[in-house]
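**Student:** need a 3D model of the sequence below.
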Amino acid sequence: MFDYNFHWRPVMKSLPDLLEAGLTTIQIAVLSMVFGVIIGLALALMRMNMRGPATWFASTWIEVARNTPALFQLFFFGFGLGAIGVHLSPHTIVLAALSFNCAGYLAENFRGGFQAIPETQIRAARSLGMTAWQAYTRIIIPQVFRIVYHPLTNQMVWAVLMSSLGMLVGFRELSGETQALASRTYRIFEYFAVTAIIYYVIVKLILGASRLLATRLFRY
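**Tutor:** Below is the predicted model of the structure:
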C-alpha cells in the first residue's frame, strides 16, 4: 500500500539553496552557449571556406560532438584528461563539455543558415567595395542569426537540461545540489519534485524571453 508521508518543510527551508543552484545552472548554460556560438560559427566558416587541416579539424569536431553521447564528452573532459595529468575543476569540466557539444550542433545550424543565403549577396557586397570581412559581418551573418534563431533557443534549453549531468563530476548545479540535500534529509520525492518545477520555470522563462526578443528583432 501507498504509505509515504510527505514532509515539505526541509525542502522549503532549502529553497534559497535550490534557487541559487538554479542560477548556477543558468550561468553555466549561458556561458556554454556563448562559447558554443563563437566556436560553432568559426567551425562552420572553416568547413565551408577552407581546405586541408582546417576543414578536417572542423569536420572532426562536428562529427564527434554530434555522434557521441554528451555524457561521454563530459567524462572525457573530467576523467579522460585527468588520466593524462590534466585536472580540471568541476565547473570547468561542465563548461568545456557543454561548449564542445553546443559548438558541434550549432556549427551545422550555422552552415545551413549560410547555405540558405544566395551567393549573389556576397558578390553584390564585394562589387560595392566591401571587404569579405565587411560583407560577412554586416550582411551575411546578421541574416544567418535570424535564420538559426529558433535552433539557438532550442540549444539553450538543451544546455540548461544537460547541465544536470554535471552532478556526476561533482558540480553543484541544480541537480547536484538537489541530490546532496535529498541524500542528507532522505526526502527524495519532495526535493526532486520541487527541482522539476524549478527546471520547468527556467525553461519557460527562456522560451518566453526568446519569443519576446523575436518580436523585437523580427517585427518587420
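**Student:** which residue comes closest to Leu161 once chain neighbours are left out?
**Tutor:** Tyr199 (7.0 Å; Cβ to Cβ, 6 or more residues apart in numbering). For glycine as for every other residue, the C-beta is placed from the backbone atoms N, C-alpha and C.
**Student:** tell me what the strand or helix carrying that neighbour is packed against?
**Tutor:** If you go by DSSP states H and E, Tyr199 is part of helix 188-217. Where contact means 3 or more Cβ pairs under 8 Å, 6 or more residues apart in numbering; DSSP states H and E, helix 188-217 is packed against helix 9-13, helix 15-49, helix 149-162, helix 174-185.
**Student:** following the second one, which helix or strand shows up next?
**Tutor:** The reference is to helix 15-49. Per DSSP H and E, the first helix or strand lying C-terminal to helix 15-49 is helix 53-67.
**Student:** what mean pLDDT does that following helix get?
**Tutor:** Averaging pLDDT along helix 53-67 gives 94.
**Student:** between that helix and helix 15-49, how big is the angle?
**Tutor:** 140 degrees (axes from the mean of the first three to the mean of the last three Cα atoms, to 10 degrees).
**Student:** export helix 53-67 to PDB, keeping only CA atoms.
**Tutor:** The C-alpha trace of helix 53-67 is given here as PDB (Å, rounded to 0.1, in the frame of the first residue of the first chain):
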ATOM      1  CA  PRO A  53      43.800  20.500 -42.000                       C
ATOM      2  CA  ALA A  54      41.400  23.300 -41.100                       C
ATOM      3  CA  THR A  55      38.500  21.500 -42.800                       C
ATOM      4  CA  TRP A  56      39.500  18.200 -41.200                       C
ATOM      5  CA  PHE A  57      39.700  19.800 -37.800                       C
ATOM      6  CA  ALA A  58      36.200  21.400 -38.100                       C
ATOM      7  CA  SER A  59      34.600  18.200 -39.500                       C
ATOM      8  CA  THR A  60      36.100  16.000 -36.800                       C
ATOM      9  CA  TRP A  61      34.900  18.300 -34.000                       C
ATOM     10  CA  ILE A  62      31.400  18.400 -35.500                       C
ATOM     11  CA  GLU A  63      31.200  14.700 -36.100                       C
ATOM     12  CA  VAL A  64      32.500  13.800 -32.600                       C
ATOM     13  CA  ALA A  65      30.200  16.300 -30.900                       C
ATOM     14  CA  ARG A  66      27.100  15.200 -32.800                       C
ATOM     15  CA  ASN A  67      27.700  11.500 -32.800                       C
END
